[in-house]
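*Asks:* the sequence and its predicted three-dimensional model are supplied below.
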Amino acid sequence: MPSLKMNQIIPSLPNDMSMDVNIDYSEFIEESISEVVSALLISISIVLFVIFFFVGSGRAKLIPALTIPIAIIASFFVMSLFGFSLNTLTLLGFVLAIGLVVDDSIVVLENIIRRLEMGEKPIIAAINGSREIGFAVISTTIVLVVTILPISFIPGEIGKIFNEFGISLITTIILSTFVALTLAPMMMSLMFKKSIERGSRCPSEKIDIYFTLKDWSYRFIMFFDNKVADLYEKTLKKVIDKPLIMIGIIPFALLVTFSIFKSLPQEYAPTEDRGMVIVRIAGPEGSTTEYMDEQVRYVESIAKFELDNGNARRILARAGGWGVGDQINQAFIFLPLTSWSERDDSSVDIANRIRRKAASIPGIETRVFVPPSLNNFGGFSRPLQIVLGGSDYIELSRYQDQIINRAKENRQIFGLTGDYYERKPTIKISLQKEKAADLGISIEDVASTLEIMLGSKEVTRYIERGEEYKVILQGSAEDRNTPSDLENIYIRSKASDSLIPLASIVKLEESAGPPDLKRLDRMRSITISGSIAEDYSLGDAIEYMQMISREIIPEDVRLSYDGETRRYIESENSILWTLALAFLLIFLVLAAQFESLLSPIVIMVTVPLALMGGLLGLLVVGSTLNIYSQIGAILLIGLAAKNGVLIVEFTNQLRDQGYEFKESIISASKIRLRPVIMTSLCTAGGAIPLLMATGAGEVSRETLGAVIFFGVVISVFLTLFVVPITYSLIGKNTGSPKRVARLIAAMETDKN
């Protein structure tokens with residue numbers, strides 16, 4: 001679509017000239033943002049639906065619903081202070097935040113309603129309910145913040161990408177907690193004028209008469225409280241006496257997690273449909289412009305099939321060294337595709353179709369690919385890039401050839417080439433200076449003659465009817481095709497004013513050399529580049545190339561990486577450290593909050609369960625281990641610990657109130673069942689639009705959504721049993737911070 005500036009220019013163009021946009025990468029961004037906004041609205045709808053069915057009071061339903069706009073709109077102000085923008089990643093953070101921002105309000109709201117049902121007056125229930133649950137709410141918020149915070153400080157290129165994502169998500173969560181602990185209790189005290197009875201939630205006479213959503217909500221709540229909660233309590237009482245059965249789930253989850261982790265393909269970022277297919281054409285060294293033009297037109301005719309079938313909008317060909325360092329033997333064809341909703345085939349399908357047809361063209365090498373998913377780093381490089389560094393190009397080229405020949409055994413890696421090859425035809429002209437001087441011919445005369453006859457030279461310009469024209473001297477094309485044509489070039493002697501054959505004063509030496517010599521980190525280097533099959537991961541390809549390279553190269557040759565390969569290795573190391581840091585920070589925060597080293601262990605046993613669920617999600621959707629799934633795994637650590645905090649913290653409270661140890665565990669688990677289920681459903685529901693993503697950017701959103709959805713759903717049901725049972729085994733010697741405070745107060749009283 002023409003821009004505003006183009007619309008201003010177009011009317012001033014001559015009648016026989018037109019202007020249009022050939023390539024517009026902003027279309028993908030615009031479409032992707034539109035899809036994320038749609039996902040945001042769907043996520044809000046799902047979360048409100050969950051709230052509607054789990055919260056009995058119609059007035060109380062409004063409180064969590066109000067948390068969403070308050071937290072998100074307020075976070076816009078914080079984002080502006082940091083200079084952030086609304087982009088795909090920040091909006092993605094808001095989609096995930098929708099399920100999280102209502103969690104705290106739901107927990108506070110549910111606890112206040114429980115106290116209202118116990119007969120407390122609204123203002124007393126609001127104060128006591130928020131005070132009772134306040135520690136757990138703050139604890140879960142801190143857990144989520146310290147989980148997400150390392151994402152914002154990942155070093156390198158990945159950190160730059162996800163910095164805004166992490167900060168926006170943290171800001172929204174903190175603001176939602178503030179709303180939950182201040183606005184929610186205040187509104188509850190104002191909305192209710194008296195305590196409520198449990199049975200009043202479900203007026204049966206209305207259910208039989210009015211078949212409405214509100215009645216279904218009441219019926220569902222009573223079913224959950226009377227049937228589901230009681231069934232959970234009975235089941236927990238049985239399994240808590242046989243703890244080894246449930247505790248065995250943890251090593252099983254670790255084993256399954258490790259097995260899935262090893263079996264999943266790994267890559268830097270998933271391949272996205274960015275609405276573009278690019279064809280790179282490479283001819284033999286020394287190819288002429290005419291030869292390349294003919295080959296480009298042939299490939300263009302293959303790409304025209306996609307244009308005729310409505311998959312592409314236009315074909316844009318660039319030959320003659322455009323954008324590739326003036327290398328005449330290289331060309332590119334760009335194929336901007338139609339909108340995602342207007343075609344059934346993805347860009348990968350179209351690229352594969354063109355690749356198969358173009359592979360049979362003799363005399364050229366074609367490479368068909370789609371732009372990289374994280375195009376901040378762009379370029380036309382292939383995904384697999386291994387760099388050999390040493391002191392001698394000739395020696396490195398031998399190792400290059402050996403590695404390429406060995407790698408041909410792996411059919412999953414194809415198109416391997418090195419960037420050092422002595423195939424560029426070169427003619428070295430040595431001037432016989434003494435002989436030329438005797439004939440009155442200078443070096444400048446020889447250079448100027450060669451420039452005009454073999455190349456071209458602009459000698460002047462002239463203006464005709466307001467237009468400026470260049471005057472270029474150049475030999476005829478038929479007179480400069482072969483090295484023997486040099487014998488037909490003559491130079492006028494300044495001494496005798498006669499024409500002297502150039503061949504009589506120069507010596508010609510034909511050879512082949514590399515087109516250029518490259519260095520990496522100041523070392524002479526050769527890069528081996530290749531492509532990988534669609535069902536073969538970049539991680540497996542790197543591992544294979546590392547294995548054969550170490551068998552071939554000596555110790556004094558350095559093996560390094562470039563392009564997407566380097567970014568993949570850097571991201572793998574960064575994410576592992578970030579994962580470990582998030583785990584450690586959560587443990588330390590929980591240890592400080594609970595003043596115990598055992599309570600964090602009880603809570604953190606849920607992490608393997610969540611990670612197992614997240615990896616199972618990747619298997620279900622057929623995705624890979626990439627930067628998005630790894631970010632999702634980091635988020636799962638905090639989300640899994642969050643539910644454990646609610647159960648453990650309330651168990652400690654009941655123990656402080658004099659409950660027997662096992663009774664406190666069962667009672668706390670039953671009372672916290674509904675808020676745990678509600679918050680988990682909101683979080684999982686918020687991820688459903690990502691899991692069901694379509695259109696631009698769908699692969700990355702689907703990957704993140706699969707990890708969050710399956711990780712939360714699977715972990716929450718196992719957490720409801722594993723956490724209480726683990727607490728029953730190792731929690732007898734633990735207590736709440738209030739118990740420690742009372743002991744200190746008692747000691748001070750005795751001292752006085």
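*Replies:* Thanks, I have the structure now. Numbering: from 1, shown residues only.

*Asks:* show me what residue 431 is bridged to.
*Replies:* residue 506 (DSSP bridges).

*Asks:* ok, it - contacts?
*Replies:* Applying CB atoms under 8 Å, 6 or more residues apart in numbering, we find residue 431 in contact with 443, 446, 505-506. The C-beta positions use only the backbone N, C-alpha and C, and glycine is treated the same way.

*Asks:* could you identify which of those residues has the most neighbours?
*Replies:* In terms of neighbour count, residue 505 stands highest of the contacts of residue 431 at 21 neighbours, by other CB atoms under 10 Å.

*Asks:* thinking again about what came up before, residue 488: which of the contacts of residue 431 is nearest?
*Replies:* For those, the minimum distance to residue 488 (CB to CB) is 13.4 Å, reached by residue 506.

*Asks:* ok, the closest one touching residue 428?
*Replies:* No. Under the criterion of CB atoms under 8 Å, residue 506 is not in contact with residue 428, lying 9.9 Å apart.

*Asks:* packing partners for the biggest strand by length in the chain?
*Replies:* Secondary structure of the chain per DSSP state E: the longest strand is strand 523-532. On a contact count with 3 or more CB pairs under 8 Å, 6 or more residues apart in numbering; DSSP states H and E, strand 523-532 meets strand 384-390, helix 393-407, strand 413-418, strand 518-520, helix 538-552.

*Asks:* and of the ones you listed, who's closest to residue 473?
*Replies:* So among these, strand 518-520 is nearest, using CB to CB, at 34.6 Å.

*Asks:* give the contact list for residue 102.
*Replies:* Residues near residue 102 by CB under 8 Å, 6+ apart: 47, 51, 64-65, 67-68, 176, 679, 682.

*Asks:* domain ranges for the protein, per the record?
*Replies:* The record's domain parsing of the chain by automatic domain parsing lists 23-196+240-269+568-751, 275-370, 424-513.

*Asks:* go through those and name the closest to residue 13.
*Replies:* Using CB to CB, these put domain 424-513 closest to residue 13, at 15.3 Å.

*Asks:* mean confidence for the closest one?
*Replies:* Mean per-residue pLDDT for domain 424-513: 79.

*Asks:* go on, stretch 642-661?
*Replies:* Rounded mean pLDDT across stretch 642-661 is 79.

*Asks:* and that stretch, C-alpha only, in PDB?
*Replies:* These are the backbone C-alpha positions of stretch 642-661, laid out as PDB (Å, rounded to 0.1, in the frame of the first residue of the first chain):
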ATOM      1  CA  LYS A 642       2.300 -19.900  42.600                       C
ATOM      2  CA  ASN A 643      -0.200 -22.600  43.400                       C
ATOM      3  CA  GLY A 644       2.100 -24.300  45.900                       C
ATOM      4  CA  VAL A 645       2.400 -21.000  47.800                       C
ATOM      5  CA  LEU A 646      -1.400 -20.800  48.200                       C
ATOM      6  CA  ILE A 647      -1.600 -24.200  49.800                       C
ATOM      7  CA  VAL A 648       1.500 -24.100  51.900                       C
ATOM      8  CA  GLU A 649       0.900 -20.700  53.300                       C
ATOM      9  CA  PHE A 650      -2.700 -21.400  54.400                       C
ATOM     10  CA  THR A 651      -1.600 -24.800  55.800                       C
ATOM     11  CA  ASN A 652       0.800 -22.900  58.000                       C
ATOM     12  CA  GLN A 653      -2.000 -20.500  59.100                       C
ATOM     13  CA  LEU A 654      -4.300 -23.400  60.100                       C
ATOM     14  CA  ARG A 655      -1.400 -25.000  62.100                       C
ATOM     15  CA  ASP A 656      -0.900 -21.700  63.900                       C
ATOM     16  CA  GLN A 657      -4.600 -21.700  64.800                       C
ATOM     17  CA  GLY A 658      -4.200 -25.100  66.500                       C
ATOM     18  CA  TYR A 659      -5.300 -27.500  63.800                       C
ATOM     19  CA  GLU A 660      -3.700 -31.000  63.900                       C
ATOM     20  CA  PHE A 661      -0.900 -31.400  61.400                       C
END
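
*Asks:* which of the residues in that stretch are buried?
*Replies:* Buried positions in stretch 642-661, judged by neighbour count with 16 or more other CB atoms under 10 Å: 642-655, 659.

*Asks:* return the closest of those with respect to residue 358.
*Replies:* Nearest to residue 358 out of those is residue 642 (CB to CB; 52.2 Å).

*Asks:* pLDDT at the closest residue to that closest one other than its chain neighbours, what is it?
*Replies:* Distances taken as CB to CB, 6 or more residues apart in numbering place residue 140 nearest to residue 642, at 4.5 Å, with adjacent residues excluded. We note a pLDDT of 79 for residue 140 in this prediction.

*Asks:* residue 201 now?
*Replies:* 46.

*Asks:* residue 633 now?
*Replies:* 82.

*Asks:* burial count for it?
*Replies:* Neighbourhood size, residue 633 [other CB under 10 Å]: 25.

*Asks:* distance from the chain centre to whichever strand or helix holds it, please.
*Replies:* Element membership for residue 633 (DSSP states H and E) is helix 627-656. Put simply, helix 627-656 sits 24 Å off its chain's centre (CA atoms, centre = their mean, to the nearest Å).

*Asks:* what does stretch 16-36 give?
*Replies:* For stretch 16-36, the distance to the chain centre is 22 Å (CA atoms, centre = their mean).

*Asks:* convert it to CSV, retaining C-alpha atoms only.
*Replies:* Extracted C-alpha coordinates of stretch 16-36, given in CSV (Å, rounded to 0.1, in the frame of the first residue of the first chain):
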residue,chain,number,x,y,z
ASP,A,16,4.7,7.2,-18.6
MET,A,17,6.1,6.7,-15.1
SER,A,18,4.5,4.9,-12.2
MET,A,19,5.5,4.3,-8.6
ASP,A,20,4.4,1.4,-6.3
VAL,A,21,5.6,-0.5,-3.3
ASN,A,22,7.5,-3.7,-4.3
ILE,A,23,8.4,-5.0,-0.8
ASP,A,24,6.7,-3.9,2.4
TYR,A,25,7.9,-5.8,5.5
SER,A,26,5.6,-3.8,7.6
GLU,A,27,2.6,-5.8,6.3
PHE,A,28,3.8,-8.8,8.4
ILE,A,29,4.2,-6.6,11.5
GLU,A,30,0.7,-5.0,11.0
GLU,A,31,-1.0,-8.3,10.4
SER,A,32,0.9,-9.9,13.4
ILE,A,33,-0.1,-7.1,15.7
SER,A,34,-3.7,-7.3,14.5
GLU,A,35,-3.7,-11.1,15.3
VAL,A,36,-2.2,-10.4,18.8
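
*Asks:* in that stretch, what counts as buried?
*Replies:* 24, 27-29, 31-33, 35-36.

*Asks:* so residue 442 sits right up against residue 436, yeah?
*Replies:* Yes. Residue 442 is in contact with residue 436 according to CB under 8 Å; the separation is 7.4 Å.

*Asks:* so which of those two has more stuff around it?
*Replies:* Neighbour totals were compared for residue 442 and residue 436, and residue 436 leads with 21 against 14 (other CB under 10 Å).

*Asks:* put the alpha carbons of the helix or strand harbouring that one into CSV.
*Replies:* Assigned by DSSP H and E, residue 436 belongs to helix 433-438. Presented in CSV, the C-alpha positions along helix 433-438 are these (Å, rounded to 0.1, in the frame of the first residue of the first chain):
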residue,chain,number,x,y,z
LYS,A,433,58.3,-0.9,-18.2
GLU,A,434,61.6,-0.4,-20.0
LYS,A,435,60.2,-1.5,-23.4
ALA,A,436,57.1,0.7,-22.9
ALA,A,437,59.2,3.7,-21.9
ASP,A,438,61.4,3.3,-25.1
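
*Asks:* and residue 318, what does it touch?
*Replies:* Here residue 318 is in contact with 331-334 (CB under 8 Å, 6+ apart).
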